[in-house]
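**Student:** please work out how this folds:
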Amino acid sequence: MFDSLLRNERPTMISDSTKKRRRPGPSFCRPCFRQGATLVLIVVLLPALLAIAALAINLAHIESINTDIQVAADAAVRAASREYVLTGDKDLALVAAQQAASRNPVGSQVLPITAGDLEYGTSIRNSIGEPYDFVPTGSGNAVRLTTRTLASGSGTTISPLFPILGSSFSIRTERSAVSTQGTIDVCLVVDRSGSMAYAANEPAVYPPVPAAAPSTWQFGDPVPPNSRWLDLIAAVKTFNQEIDSTPQQELVCLSTYSDTTTTPVPLTDDFTQIIDALNAISMQFESGGTNIGDGMLEGAAAVSDESLGRPFATKVVVLMTDGNHNIGTHPNWAAGRLAEQGITLFTITFSDEAAQSRMKFAAETCGGKHFHAVTATQLSEAFKEIARSLPTLLTR
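**Tutor:** A predicted model of the protein is given here:
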């Protein structure tokens, strides 16, 4: 610098930034180094990440499969229970369970069901707040299905989506379901209006008197032969026989309606009382209108009688009519009241003069089913089918 001054030259100043730029150092790229380290880390961790992902997918798949297995078991045991209650045949119950399972596949497989998966017994509860308790007695009102064949691996096996640690395995879940033909209190609500004195195949118009009646017949006399009323009594006998043949004990009451309503037989397990009451009406058959809505309410009150009914029982009303509502409470409003009370309603229309669409609507409002009959045979079949299809419950 002094030499520069002596030569009248200005000294050259080197800034810190220039020094940094000129400072010698290694000739590698730091960002490139970081990218290379990340790639190595990804290569090392990728198999572990894939294994974790496969495990998570498998766990979700297994949970989905377990749900499908339970759904298939529920459907199969319900079908087996229904068939067993109807026929008492365990072989047919097994076939019904297998068919139901085939309609509810587990993934791409069908839940295997063998005779060893089904148990037959009794399922009861002591109050509405308690669960049903299944006891395998060999026969009774309930069927239990346990997926033992699937769990043992002796039937169809279900595989996960991915192997774990290079090895495959099978999903062998044991699930159980119980279907119970529940305890039921039933009220038969029947039409005793004047039209019931006529035959099913003739117009119910008075006058004239029913075709099968003597020319001097009038209301208040014994009901004529071939009348809808006598067809009804035969159908109720069929209903009682079906109910009486089931393994559980039902209680049944009888309500009737025309212009007015009455309950001649409260809830009872002596079904002969019901036939006796119907026969008594036959001896002095009166005329009257068709008060369907109040008939429904009368039946609901009778089946819900706390002094006679069982608080844990399912409440059912079976209503029969041969005509159109023409007096009293409207059936649609009455159906709403029954639905609010949790009462299941089955309806039967007898003869083509009956209001089928209205009765179908009432039944569906209350979770039941509507039947139509135009002959005495069809009427008996309707009552029989209702007796056989009274609510079946999944109790576990």
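
**Student:** which stretches of the stretch 51-200 of the chain form helices?
**Tutor:** Secondary structure of the stretch 51-200 of the chain, counting by DSSP state H, counting those that start in this stretch: helices at 90-102, 148-152.

**Student:** ramachandran angles for P207?
**Tutor:** Here is the backbone geometry of P207 (degrees, to the nearest 10): phi -70, psi 170.

**Student:** go on, the one 5 residues further on?
**Tutor:** As for A212, its main-chain torsions (degrees, to the nearest 10) stand at phi -80, psi 0.

**Student:** if we can go back for a sec, the helices of the stretch 51-200 of the chain: lowest mean pLDDT?
**Tutor:** Ranked by mean pLDDT, the helices of the stretch 51-200 of the chain bottom out at helix 148-152, which scores a mean of 86.

**Student:** run through the neighbouring helices and strands of that helix.
**Tutor:** Under the contact criterion of 3 or more C-beta pairs under 8 Å, 6 or more residues apart in numbering; DSSP states H and E, helix 148-152 touches no helix or strand at all. Where you see a C-beta, it was placed from the backbone N, CA and C, and this is true even at glycine.

**Student:** export that helix as PDB, just CAs?
**Tutor:** C-alpha atoms of helix 148-152 as PDB (Å, rounded to 0.1, in the frame of the first residue of the first chain):
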ATOM      1  CA  ARG A 148     -68.300 -72.400  13.600                       C
ATOM      2  CA  THR A 149     -67.700 -73.800  10.200                       C
ATOM      3  CA  LEU A 150     -66.100 -70.600   9.000                       C
ATOM      4  CA  ALA A 151     -64.100 -70.200  12.200                       C
ATOM      5  CA  SER A 152     -62.700 -73.700  12.000                       C
END
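
**Student:** how distant is it from the center of its chain?
**Tutor:** Chain-centre distance of helix 148-152: 26 Å, with C-alpha atoms, centre = their mean, to the nearest Å.

**Student:** make 22 the first number, not 1, from now on.
**Tutor:** All right, first residue 22 from here; so that's helix 169-173.

**Student:** run through the stretch 272-417 of the chain and note the low-pLDDT ranges.
**Tutor:** Residue ranges of the stretch 272-417 of the chain with pLDDT under 70: 412-417.

**Student:** can you give me the helices for it?
**Tutor:** Under DSSP H, counting those that start in this stretch, the stretch 272-417 of the chain gives helices at 293-304, 313-324, 352-361, 377-386, 397-409.

**Student:** got the domain ranges for this protein?
**Tutor:** Domains of the chain are assigned by automatic domain parsing as 68-202, 205-415.

**Student:** quick one: A220 from T108, how far?
**Tutor:** A220 sits 34 Å away from T108 when distances are taken as C-beta to C-beta, to the nearest Å.

**Student:** ignore what I typed, I meant A69.
**Tutor:** Counting by C-beta to C-beta, the gap from A69 to T108 is 58 Å.

**Student:** returning to that earlier point: and the helices of the stretch 272-417 of the chain: which comes nearest F155?
**Tutor:** Closest to F155 of the helices of the stretch 272-417 of the chain is helix 397-409 (C-beta to C-beta; 21.8 Å).

**Student:** pull the residues that contact the closest one.
**Tutor:** Contacting residues not belonging to helix 397-409 are listed as 106-107, 221, 252-253, 255-257, 259-260, 263-264, 339, 341, 367, 369, 371, 390, 392-394 [C-beta atoms under 8 Å, 6 or more residues apart in numbering].
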